[in-house]
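1. Predicted structure and sequence below. I'll ask about it afterward.
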Amino acid sequence: MRNIRLNMALLAVLIVIAFGLLGVYWPKIHAPESTEPLVIPANGVAEITDLNRHLSRLITARTIQNPREIATISETEFASILKTPGPGYTDQTVWYRAAINVIDTPTTKPSRAFIELGMVYLNDIRLSILSRESKKIIWQNRVGDRVETSQGDIRGLSHISEWPVLDAGEYWLIVGVRTNSAHVLHAKLVPEPILIEKSGRDSFIKGACLGILIVAFGLYFTFGTLSRDRSVIWYAGYIFSLLLVYFGITGYAQVIFKPLWPLASDFITGSGTAFALGSSIMMWSYIIRLDQSNPILFRIMYIYSALAIAGFLTGTSNWYILYAKVFFGSQIVLLGVLFVNLIYGGYRQQHPFRTSFFVIALGIPTLGAMAHLMLLMGVLPLNGFTMNILAASSLIQLSMVAIAMAMRTHGLISQRIAALASSQRATQLASEQRTFITMLSHEFRTPLAIIQRSAEILGLHLKAEPEAVLNRLATIQSNAGQLSGLVDAFLTKETLDNATFTTSRESVAIDAFLGDLITRRHREMPGQNISLIRCDVAIVDIDRILMERAFLNLIENARKHAPGAAVWISAERSSNGYVYIRVVDEGPGIAADDLQNVLNAFYRGREATKTQGVGLGLHLTHKIIEAHDGSLSVSVGEDGGTTVLIKLPYDRDKTVLKSNEDRIGFPAGFIRHAKDGGR
């Protein structure tokens, strides 16, 4: 309850602040103001002149075909573009008008000047100069990212048109803008020498910023991929989206790709904006760990991000206007929710430093992004603050996140060093443990063999003793045998785990090998029902001792877990170069939950309390089969019973010779000798 009250209190404070700022600035934002005429000499301007200070905007639903109509409209219908919010996103033409007074100057040669217009993503900009007295059109031109450029047109990172030489008099500058992007217009009148210098300087600065974004994207994407940190990966995606947006709004997309595809600038800028909306939300969600603290809200953010990113498909059409109206407002709301969630989560977890850092590193840039979105939507007016807030806040973000990444990298390196030291210590302890077990196993073997042998001898000499004595001797012999088998298992595991372990292989006929093994088992354990139901001829290269241990482990497992049940073994040779050996018992089988773990060392299933053992039998068999380049799997039939399938490679040539020998009754060497003699 306390947390809910705190959350509501934070929201209330933010709402009060928002309405307070709105109440202070709304009258100023919407207050109409008359615009002073622009006075310029007839021989051209000598310095950069900001036309936005003299332009006024007309937003009207009327269809206007001719700039002359704009010249006749009353000043009261216009509003200063620096004091009022823009039209945001609309498919209508937005008109601008500025009064220009050209005054006489001493007889000097007129200098060239150019009108520089932005934003670069504006599709169609129509320029006209009319006489204020006669309303006659003196000069016209047309620029924009969708307007075809002729051979002699000036190309740059912004829309540029040469300013005409005007006689002294009073004129109207009329500008009509139509675009599927935000209606944000800034215009400057620039002398030719300054334009050349400014173009080179801007090109260098913008190119350097693009280079920084490219490097930042590469670094963060690589770091996020290696560290598997989703927040860093999404931040890299956000930087990539900024790269696309910046590539578009700086004019590079227009200069490079416009000759190939006139819509390239809109597509790149729109795609970058869509990716920025989606990636920023996901980056925020992972940074504040929304997936853990509020899974439902995280799913909402995830779905929104996917839809926002899909909006890149609308970048070249008027559907982008609807997309921007829907998603930009939603973006502002969701960023506000995430910002509040960050403060609330930091307060609840009592991490003031972490929360303060994120507020500076992400909160301030988020507020900047929200202000920029409100500018584009026509909520905030065009001024120096709203035009530069996004770039300034992004610089803060990049700097702060770079510091955070440096701290995180240092932490990861420290953790890696600690983990490496811990791993080395664990390896050393494991080696010491294996050495200790091996030593104990070897030390146990001799006395166990003496005990077992002595019990056997006593049993032979004390046949006439009472049954209780004989039972006690049998118990001693049985337990000594079990303990000896346990020692053998540990020694086998130690051998297989040794890095220098190698098998001593020899060519063995699998049918004879399995037949001999079952015969010996019948002799040693007469009561166990084991049968070899089918066995193809196949020559395998195996370590006989280890392979005997592997199959005896399987047979012993069947005896312990399915006492009295039949066990049958088969071996089928396949044309793929492998022989498939099945060991099947007709017992109750293994529980489904235990199947995925039965091959692990020391694992004992839910029925383990009913049998003796330490859980090494199947594990050792699996390791032995793998050492022979084979594989082992365990499965349970529908009616119960356990099937162990072993896959071992066989020697094709030797197998063919062995098969021929068995079929015709002559040894393989005799056949080769006969062939050599017949040449």
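-> Sure, I can see it. Numbering: from 1, shown residues only.
2. Does the residue lying farthest from the centre of the chain fall in a helix, a strand, or a coil region?
-> Most distant from the centre of the chain: Ala464, at 79.2 Å, with distances by Cα atoms, centre = their mean. Assigned by DSSP: H, G, I helix; E, B strand; the rest coil, the conformation of Ala464 is coil.
3. and the spatially closest residue to His522 that is not a sequence neighbour, what is it in contact with?
-> Once flanking residues are discounted, His522 sits nearest to Ile530: 6.8 Å by Cβ to Cβ, 6 or more residues apart in numbering. Where C-beta positions appear, they are placed from N, C-alpha and C, glycine not excepted. Residues near Ile530 by Cβ atoms under 8 Å, 6 or more residues apart in numbering: Ile518, Arg521, His522, Ile555, Ala566, Val567, Trp568, Ile569.
4. what separates Ile530 from Pro466, distance-wise?
-> Relative to Pro466, Ile530 is positioned 34 Å away (criterion: Cβ to Cβ, to the nearest Å).
5. and if you look at Leu189?
-> The spacing between Leu189 and Pro466, counted by Cβ to Cβ, is 125 Å.
6. One more: His628?
-> As judged by Cβ to Cβ, His628 and Pro466 stand 50 Å apart.
7. picking that back up, which of Leu189 and Pro466 has more neighbours?
-> Leu189 (22 against 9; other Cβ atoms under 10 Å).
8. Helix, strand, or coil at the more buried one?
-> Look at Leu189: counting by three-state DSSP, its state is strand.
9. can you pull the contacts of it?
-> Counted by Cβ under 8 Å, 6+ apart, Leu189 has contacts Ile40, Val45, Ile48, Thr49, Leu51, Ala113, Phe114, Ile115, Glu116, Trp163.
10. just checking, Val147 is part of a helix?
-> No: membership of Val147 in a helix is not supported by three-state DSSP, which gives coil.
11. Show the contacting residues for it.
-> Neighbouring residues of Val147 by Cβ under 8 Å, 6+ apart: Asn123, Asp124, Ile125.
12. same check, this time on Ile70
-> Leu58, Ile64, Trp95, Arg97, Trp172, Ile174, Gly176.
13. tell me which element it falls in.
-> Per DSSP states H and E: Ile70 is located in helix 67-72.
14. average pLDDT for that helix?
-> Helix 67-72 shows a mean pLDDT of 89.
15. How far does that helix sit from its chain's centre?
-> What separates the centre of helix 67-72 from the centre of its chain is 55 Å, taken as Cα atoms, centre = their mean, to the nearest Å.
16. Next secondary structure element downstream of that helix?
-> strand 79-80.
17. picking up where we left off before, and the contacts of Leu189 as CSV, adding distance to Leu335, secondary structure and neighbour count?
-> Supplementary listing: the contacts of Leu189 in CSV, determined by distance: Cβ to Cβ, whole Å; DSSP: H, G, I helix; E, B strand; the rest coil; neighbours: other Cβ atoms under 10 Å:
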residue, distance to Leu335, secondary structure, neighbour count
Ile40, 43, strand, 20
Val45, 42, coil, 18
Ile48, 35, coil, 14
Thr49, 37, strand, 19
Leu51, 33, helix, 21
Ala113, 42, strand, 23
Phe114, 39, strand, 21
Ile115, 36, strand, 22
Glu116, 33, strand, 22
Trp163, 42, coil, 22
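18. what's the lowest-pLDDT member of those residues?
-> Ranking the contacts of Leu189 by pLDDT puts Val45 at the bottom, with 85.
19. for that residue, phi and psi?
-> phi -80, psi 150 (degrees, to the nearest 10).
20. That one is in contact with Ile115, isn't it?
-> No: the pair Val45 and Ile115 does not pass the contact test of Cβ atoms under 8 Å, sitting 10.3 Å apart.
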